[in-house]
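Chemist: sequence first, then the predicted structure, then my questions.
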Amino acid sequence: MSKLYFRYGAMNCGKSTALLQTAYNYEQNNKTVILLKPKIDTKCKNHIESRLGINRKVDLLINQEDNILYMLNDLLKNNISCILVDESQFLLSSQIEDLWKITKLYNIPVICYGIKTNFKGELFEGSKRLLELADEFAELITICPCGKRAKFNARFVNGKFTTIGNDILIDGKSDEVRYVPMCGKCFLDQLNSNNNYITE
């Protein structure tokens, strides 16, 4: 029986690079893969792009109201070797359940790449369900500006650290928003700083 995998990490840990490398490895062995990502991730539109510059068009964009099992119904009848999902934290719980069902009903492995927690340090809906259902987990590592292992995704708006606003605010859409991977100590230092902490 195939497995549901969750490979997660803070921003800049190489999730998209790892996904594209996995797709390449399968295809070098004449295997067929399907690439998915949530449509709400508007960066690069219908492509997955690594910060290293490599990119690839996805096979399907997932809307929030989509039933993934229904969307993939015809494709699943083909000889699919693996399904790869980028930005899986943005999926709904029910969509994660669809991916889990695919691994059990169709014997196709599904590898989800994403961020575990938002800029407040709270689980995304999709990540929470993945932590509950995934058969295997792997954390992809990146470092904080201080050099320690990063676990948090600090949001800066116009250069100011903030923990307010919508959970989903895509960086790269403007120069105003950026995310910095941070260790717990640096994240806490930002929370405790009165000089650059936006509270309202």
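Modeler: Everything's here; your move. Numbers count the residues shown, from 1 in each chain.
Chemist: who does the residue most central in space within the chain bridge with?
Modeler: Centre of the chain computed as the mean C-alpha position; nearest residue by Cα atoms, centre = their mean is G114, 2.1 Å away. For G114, the beta-bridge partners are Y8 (DSSP bridges).
Chemist: for it, give me its contacts.
Modeler: Neighbouring residues of G114 by Cβ atoms under 8 Å, 6 or more residues apart in numbering: 6-8, 15, 85-90, 124, 126-127, 130. C-betas here are computed from N, CA, C, even on glycine.
Chemist: which among those residues gets closest to T22?
Modeler: Nearest to T22 out of the contacts of G114 is R7 (Cβ to Cβ; 9.1 Å).
Chemist: neighbours of the closest one, how many?
Modeler: Using other Cβ atoms under 10 Å, R7 has 24 neighbouring residues.
Chemist: ditto for K101
Modeler: Counted with other Cβ under 10 Å, K101 comes out at 15.
Chemist: my read is that it contacts L69, right?
Modeler: Yes. Checked against Cβ atoms under 8 Å, the pair K101 and L69 is within contact range at 6.3 Å.
Chemist: so where do the helices sit in this structure?
Modeler: When secondary structure is read from DSSP state H, the chain shows helices at 15-28, 68-71, 93-105, 125-133, 184-192.
Chemist: other SSEs contacting the third one?
Modeler: Applying 3 or more Cβ pairs under 8 Å, 6 or more residues apart in numbering; DSSP states H and E, one finds that helix 93-105 makes contact with strand 4-8, helix 68-71, strand 82-85, strand 110-114, helix 125-133.
Chemist: that older thread, weakest of the helices of the chain by average pLDDT?
Modeler: With a mean of 89, helix 68-71 has the lowest mean pLDDT of these.
Chemist: who touches it?
Modeler: By Cβ under 8 Å, 6+ apart, the list of residues contacting helix 68-71 from outside reads 36, 60, 62, 95, 98-99, 101-102.
Chemist: rank the contacts of G114 by pLDDT and give me only the lowest.
Modeler: The model is least sure about K15 among the contacts of G114, giving it 91.
Chemist: what's the burial count for it?
Modeler: 25.
Chemist: with T162 instead?
Modeler: 20.
Chemist: repeat that for S193.
Modeler: For S193, the number of neighbouring residues by other Cβ under 10 Å comes to 10.
Chemist: contacts only, for it.
Modeler: S193 neighbours (Cβ under 8 Å, 6+ apart): F161.
Chemist: let me know the pLDDT of it.
Modeler: pLDDT at S193 comes out at 82.
Chemist: now do it against T163, distance only.
Modeler: 12 Å (Cβ to Cβ, to the nearest Å).
Chemist: one more: R155?
Modeler: 7 Å.
Chemist: higher neighbour count, those two?
Modeler: Legend: neighbour count by other Cβ under 10 Å for R155 and T163, higher for R155 (23 against 17).
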